[in-house]
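Peer 1: kindly generate the corresponding structure for this input.
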Amino acid sequence: MAKTDGVYRITEVIGTSTTSWEDAAKRAVETASKTLRDLRIAEVVKQDLKIENGKVAAYRTRVLLSFKYQK
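Peer 2: The predicted structure is shown next:
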């Protein structure tokens, strides 16, 4: 079997940050990596903002994470 063979699962997570979308994505990946093993790919699928009193209160990044099933 080639090293690229395998079965992968995709799960969706949302990270939040008061700093940036990039920081929100980084938080999502780093937090998920504490319980998901062998993360392979992260795909940003949506970004939005939380607004309070007419100002940006938080950045939110929705990320699809791919990880390989273990044998």
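
Peer 1: which strand or helix spans the residue nearest the centre of the chain?
Peer 2: Against the mean C-alpha coordinate of the chain, by Cα atoms, centre = their mean, the closest residue is residue 63 at 3.5 Å. Here residue 63 sits within strand 55-68, counting by DSSP states H and E.

Peer 1: show me the contacts for the residue nearest to the residue nearest to the centre of the chain when sequence neighbours are not counted.
Peer 2: In this structure, residue 63 finds its nearest non-sequential neighbour in residue 28, 4.8 Å apart by Cβ to Cβ, 6 or more residues apart in numbering. Where C-beta positions appear, they are placed from N, C-alpha and C, glycine not excepted. Applying Cβ atoms under 8 Å, 6 or more residues apart in numbering, one finds that residue 28 lies in contact with 13, 14, 15, 42, 61, 63, 65.

Peer 1: cool, residue 49 as well?
Peer 2: Per Cβ under 8 Å, 6+ apart, neighbours of residue 49: 56, 57, 58, 59, 60.

Peer 1: what number of residues lie near the last one?
Peer 2: The number of residues packed around residue 60, counting by other Cβ atoms under 10 Å, is 17.

Peer 1: before we move on, back to that, out of the contacts of residue 49, which is nearest to residue 21?
Peer 2: If you rank these by distance to residue 21 using Cβ to Cβ, residue 59 comes first, at 4.7 Å.

Peer 1: run a quick neighbour tally on the closest one.
Peer 2: Around residue 59 there are 20 residues (other Cβ under 10 Å).
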